[in-house]
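Student: show me how the following folds:
(2 chains)
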Amino acid sequence: MTKNKPIAISVRGLRARMGANATLGPLDLDLAVGEHALLVGPSGCGKSSLLRILAGLLPADAGVISLFGQEVSRGSKILVPPRRRGIGFLFQGGALWPHMSVAAHLDFVLRCAAVTPSEWDARRAELLTQVGLEGFGDRRPGTLSGGEAQRLALARALAPRPRLLLLDEPLGPLDAERRTSLLELFEELRRSLDLTILHVTHDPAEASSMTDRTLQMQPDGTLAGASKA
Amino acid sequence: MSRTLLTLSLAVLAVAGLGPVIVMALRVVQDPAALQGLLDERTLSLLGRTLLLGGGAAGLALLVGAPFGYLTARTDLPGAPWLRSLGLVPLIMPPLLLAVSWTVLVPELRGAPMTILLMGLSTFPIVALFTAKAARRVDGRREEAALLSGGLGGVLRMEFGLLLPAALSGACFAFLFAASDFAVPDFVSSVGRKFNVYADEVFATWQVDGSDSRAVATALPLVALILAALLPALALRRRGTLATLDSDFVAPRTLSLGSWRWPLGLAAWGLITLGALIPVGRMLFEAGGGPTGWSLDKFQAAFAKAVELCRDNLLASLGYSILAATLALPVALVLGHAIARWRHGWFLEMLCVLPLATPAILFGIGNIALWNGTWTYTFYTSGGMVVLLYVGRFLAFPTLVSAGAVASLDRELEQAAELAGAGPVRRMTRIVAPTLMPSLMGGWVLMFVLAMRELDAAILVPAANDTVMFRMFNAVHFGRDDFVAALALLILFVTIVPGVLWRLFSGKELEVLP
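Tutor: Modelled structure (predicted):
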């Protein structure tokens, strides 16, 4: 962890059931503001579940989660709902809305974020430039390539100006060239927007060169160095 | 999920659907003596006949519907797209109209065989729809592996187990429709050999002694029968048509039937001829004068007369059905979403289908018991009563359609909107509803069609006396002429219009499976 920096994510004693037999945790985790951490581990160990719990999309069974110093969940109780946590989430498959154009995706989020309509055009253009999708405003998700779709998902995640970006296997469907390009974009955005990034992957080689730290999850749902009680 | 929306939707379900059922159940609790004679010889005989009707119709629907659905969805059958569309006609057509046509074409065939044949013809499209949907969800690579090892026979053997739950689910729904139908057994039995079934008996019991509790007690075995068909239908539908597709799903390609293409094509067209073309053709023939000599002038005159005499009835039915379908749609979306997403959604699903498990006649009596009071009399005698009855009776269908569609919707689409800051109402209206539009429209059309052809419950409610199906029911019992045939065709035409318009303007297929 980067020293002397405030904490972005603090997890203490987190436990959660995942299906009939598997459990996540117990685990503790600290991530400093501006840090880009890679979370790796075998399939089914609970990496994606951990991201969803951090985002408030899944409840935990025990433990305390704080984001930027604010306690957002305690045990199974969600104290701050997902939309108030200041989180951008990049889903594995993009989770784009098939009935909306690229511009409509961003407008939807800007409206939810209470951005005034007069600012929409400028903000939308800014986001599309940031992710390299200028001129794609009228396109629908079905007409985008895998890389373009992930860039749109990234623009959508960035639209409400989050402080924390959670990436769930964001490079999965892409070829090597597009992977590198997207990774460079993550890094560039982290620097320019002072983002904290927690990046989940099952491939340790995927982004290790661009991240500050690699966290290893074990098959039993704990982080390396910890063990089941 | 918005608690306010869910509470409002549950309130609609409670008032329109569960209220009449609960009122009727309370009648038996208050008058246990009505249960006497529940298992006497006559009741058991009725139970046997209803089982024969439901089982026979469901069996026939399964026998012809499953192959028809598979062949038209997946193979190079001649005219498959036409067959898929025409195959819906027997389902859309009120069963009474089928009965009107076939009883005059084959007058010597009456009683049980004719009733079973008619209800089988009317319900085989349900089995076909379920089978077709499941057949389109077989992964293409799986099928190619079977094709390489065993040819078309290998494919069919491999897919039999995959399609069977869906086909059986459809057959259970066919049983439900057949066992609770009142108008067809009543009409077929109006001449010649009687074939009384439970729905008739419940109606007769209530008409003769006016006792709600006796009617409910009489209906209890029928409720048990229908529930016995409904529960497996719901369970099997989850394993069949609603089975989740893998994210890397490969759509199967069209299978070549080879030398079987034309014989099977003829068989499929033969089935459509029996279920749709002959009944419609017969009505066209009768509307133009029929046996006394067909002419275009007579045909036009019959339609002019039908429009003139029944314009108000048609408009009333249209108004009630459109209102009921439109009111039910948002309620169905919210309830369907809760069924699909809640951990205990199955309980809500059971509550939603309870009005369906209640025989239509009994549901009508329940509405009378609930609303025919001093304080509610104005409402009871208004069109609002008919709309409420339709919503209560059929809400389960669009709800199940919505639940199935939500179940197959990637949950992450909603989660992405939630993280973007969208509240439950905005997620529902901007993400879920537009993404599921073909299913929502399918639910609307299904509800509209069922409401347009509804007679079994509405026949008891005075406010529904101005519906076109009530007019038709009376007309066929008092004689057969060109007017009746023209009216039947008008009803059919009006009923199919919304589905045809959607298909034409959206270019998408409707998802109408419950």
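Student: low pLDDT regions in chain A?
Tutor: In the predicted model, chain A carries pLDDT under 70 at residues A:1-4, A:20, A:173, A:206-208, A:225-229.
Student: show me the residue sitting in the middle of it in space.
Tutor: A:Leu166 (1.2 Å; C-alpha atoms, centre = their mean).
Student: helix or strand: which one has it?
Tutor: Secondary structure from DSSP states H and E places A:Leu166 in strand A:164-168.
Student: and that strand, what does it pack onto?
Tutor: When contacts are defined as 3 or more C-beta pairs under 8 Å, 6 or more residues apart in numbering or on different chains; DSSP states H and E, strand A:164-168 sits against helix A:47-55, strand A:87-90, helix A:176-193, strand A:196-201. Quick note: C-beta positions are derived from backbone N, CA and C, even for glycine.
Student: up against chain B, what does chain A have?
Tutor: For chain A, the residues in contact with chain B (C-beta under 8 Å from any C-beta of the partner chain) are A:52, A:55, A:57, A:82-83, A:87-89, A:91-93, A:95-100, A:108-109, A:112-114, A:153, A:156-157, A:159-160.
Student: filter the residues you listed down to the buried ones.
Tutor: Buried members of the residues of chain A next to chain B, counted by 16 or more other C-beta atoms under 10 Å in any protein chain shown: A:52, A:55, A:57, A:82-83, A:87-89, A:91-93, A:95-97, A:99-100, A:108-109, A:112-113, A:153, A:156-157, A:159-160.
Student: show me where chain A has helices.
Tutor: For chain A, the helices defined by DSSP state H occupy A:47-55, A:102-112, A:117-131, A:146-158, A:176-193.
Student: how about the helices and strands packed on strand A:164-168 in CSV, adding distance to B:Phe379?
Tutor: Below are the helices and strands packed on strand A:164-168 laid out as CSV (distance: least, C-beta to C-beta, whole Å):
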stretch, distance to B:Phe379
helix A:47-55, 48
strand A:87-90, 49
helix A:176-193, 60
strand A:196-201, 57
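Student: can you say which of these is packed in most?
Tutor: Mean neighbour count (mean count of other C-beta atoms under 10 Å in any protein chain shown) peaks for strand A:87-90 among those, with a mean of 26.
Student: residues making contact with it?
Tutor: Outside strand A:87-90, the residues that touch it by C-beta atoms under 8 Å, 6 or more residues apart in numbering or on different chains are A:51, A:54-56, A:67, A:150, A:153-154, A:157-158, A:160, A:162, A:164-168, A:170, A:195, B:415-416, B:419.
Student: who's in contact with stretch B:353-361?
Tutor: Residues from elsewhere that reach stretch B:353-361, judged by C-beta under 8 Å, 6+ apart: B:17-18, B:20-21, B:24, B:176, B:180-182, B:198-199, B:202-203, B:206, B:215, B:219, B:222-223, B:226-227, B:230, B:234, B:363, B:366, B:392-393, B:395-397, B:400, B:454, B:456-457, B:459-460.
Student: just the buried subset of those residues, please.
Tutor: Buried members of these, counted by 16+ other C-beta under 10 Å: B:17-18, B:20-21, B:24, B:176, B:180-182, B:198-199, B:202-203, B:206, B:215, B:219, B:222-223, B:226-227, B:230, B:234, B:363, B:366, B:392-393, B:395-397, B:400, B:454, B:456-457, B:459-460.
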